[in-house]
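Visitor: Sharing a model that was predicted from the sequence below.
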Amino acid sequence: MIDTHLTTVHTMPKIDLHRHLEGSLRLETLLAIALEYDITLPSDDVEGLRPFVQMMPGEPRNWQQFLSKFKILRQFYRSEKIIKRVTHEVIADAAADNVKYMELRFTPQALNNLMHCNYDQVVAWVCEATETATAEYDIEVMLILSMNRHESVEIGDQVLDAAINFADRGVVGLDLAGQEDGYSALPFRSLFERAKSEGFGVTIHAGEWAGANSVREAVEALGADRIGHGVRTFEDPSLVELLAARGTVLEICPTSNVQSGVVATFPTHPLAELYQRGVRTTINTDDPLICNVTMSAEIGQVLEHTPLTIDDVKANLMTAAQAAFLPDERRAALVSQFEAWLA
Ligand code: HPA
Ligand code: ZN
């Protein structure tokens, strides 16, 4: 890609609606935590550690490999100090990349599993660190709480309870993530009904490691406002029409899709075609550490390998502003701000 594009993309104000805290840590910080907390690592330098937490060229591309990185990362959440530090750094890194609005999601069950404290406790730490970081950097950050399909609905119910307790501290949405193949979203149906009735935005990972029917289920049965990925929507042309008609927003994470084997190559990614067929698409990072990517690099890849132009990218950013899980007035302000910035 030509350098002017790179500079334009870096300086352009951006939005990331789909970023997992647990997939966004700095490699250097992992080493520092290991040293301080006496965690034995397979390597004591950054390059040696990289393959354990990042998808590497030549590595098998499948969900087992991709999700295995999160399992390793669960070894690092050991104290209030660590959780606040990693939250602060994720926000600092996004701000340095000129992301001006981000919805950061995290899985309370991942953060508390070594500490055995309750979900409210870890959510409080993330909220506090988010408040401190957003006061320091030029970025607005809202929080989404995630639960995994392959973990129990009971865990999910407790996560929703925590979300309700922290709705006035920046928690705006609920997310269903995890192993999609073999784990239907239907057991979570009443939970997400409750989430909607409490005023939360609902986003469901679907159409990534399972097919179009999983997306249909997320939209029709769970009432998803947004779909994480949704790239396999294509397998059913009537679903493409349904999403376009309903205005369901897809949180597309192209690099993640290529690295997890959902899509074979960047040039064959369905983002451009979905967008051209009237589906509301957005471009997001998913997991900057695991995918070794930034929002700017992600957009750079889209410009280099797909037919989308810089104007199309801007249209995707406007869709992201319109799809933010913010109260109406604040969403309208975000939309106006991005209209002015991207004009
Ligand atoms: N899919 C499902 N669960 C996840 C993902 C993903 O891409 N990233 C983190 N948890
Ligand atoms: Zn995700």
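Guide: Great, that's in hand. Numbering: from 1, shown residues only. Ligands and ions are numbered 1, 2, ... in the order given.

Visitor: Now do the contacts for the nearest residue to Asn118 once chain neighbours are set aside.
Guide: Nearest residue to Asn118 in three dimensions, chain neighbours excluded: Asn112, at 7.1 Å (CB to CB, 6 or more residues apart in numbering). (Each C-beta comes from the backbone N, C-alpha and C, glycine too.) If you count contacts by CB atoms under 8 Å, 6 or more residues apart in numbering, Asn112 has them with Tyr77, Asn118, Tyr119, Gln121, Val122.

Visitor: for the residue of the stretch 51-200 of the chain found nearest ligand 2, phi and psi?
Guide: Nearest residue of the stretch 51-200 of the chain to ligand 2 (CB to the ion) works out as Ala177 at 5.7 Å. Backbone dihedrals for Ala177, given as degrees, to the nearest 10, come out at phi -120, psi -160.

Visitor: what's the answer for Leu250, then?
Guide: According to degrees, to the nearest 10, Leu250 has phi -100, psi 130.

Visitor: dump the residue contacts of it.
Guide: Arg226, Ile227, His229, Gly230, Val231, Thr233, Leu243, Leu274, Val279, Arg280, Thr281, Thr282.

Visitor: can we see that at 6 Å?
Guide: Residues in contact with Leu250 (CB atoms under 6 Å, 6 or more residues apart in numbering) are Ile227, Gly230, Thr281.

Visitor: Of the residues you listed, which belong to helices?
Guide: Within those, no residue falls in helices by DSSP state H.

Visitor: Out of those, which is nearest to Pro237?
Guide: Gly230 (14.3 Å; CB to CB).

Visitor: Setting aside sequence neighbours, what's the nearest residue to Ile15?
Guide: That would be Ala320: by CB to CB, 6+ apart, it lies 4.0 Å from Ile15.

Visitor: Now for that neighbour, how many residues are close by?
Guide: By the criterion of other CB atoms under 10 Å, Ala320 has 27 neighbours.

Visitor: circling back: only the buried subset of the contacts of Asn112, as a PyMOL command please.
Guide: Applying 16 or more other CB atoms under 10 Å to the contacts of Asn112, the buried members can be selected in PyMOL as follows:
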select buried, resi 77+119+121+122
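
Visitor: Show me the two of the contacts of Asn112 that sit farthest apart.
Guide: Spanning the widest gap among those are Tyr77 and Asn118, at 14.2 Å by CB to CB.

Visitor: Touching the helix or strand bottoming out on mean pLDDT in the chain from outside, list them.
Guide: Sorted by mean pLDDT, DSSP states H and E, the helices and strands of the chain end with helix 3-11, the least confident at a mean of 81. Helix 3-11 has contacts (CB under 6 Å, 6+ apart) with Ser296, Ile299, Gly300, Leu303.

Visitor: Can you tell me how far the third one is from ligand 2?
Guide: Right, Gly300. From Gly300 across to ligand 2, the span is 20 Å (CB to the ion, to the nearest Å).

Visitor: For the helix or strand where that residue lies, enumerate the helices and strands it packs against.
Guide: Taking DSSP states H and E as the criterion, the element that holds Gly300 is helix 295-305. Secondary-structure packing of helix 295-305 (3 or more CB pairs under 6 Å, 6 or more residues apart in numbering; DSSP states H and E): helix 3-11.

Visitor: Please save the CA atoms from the very next helix or strand once past the helix it packs on in CSV.
Guide: Next helix or strand after helix 3-11 toward the C-terminus (DSSP H and E): strand 14-20. Once non-C-alpha atoms are left out, strand 14-20 reads as follows in CSV (Å, rounded to 0.1, in the frame of the first residue of the first chain):
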residue,chain,number,x,y,z
LYS,A,14,-11.5,5.7,13.9
ILE,A,15,-14.0,3.5,15.8
ASP,A,16,-13.5,0.0,17.0
LEU,A,17,-16.8,-1.7,18.1
HIS,A,18,-15.3,-5.2,18.6
ARG,A,19,-12.1,-5.6,20.6
HIS,A,20,-11.6,-8.1,23.4
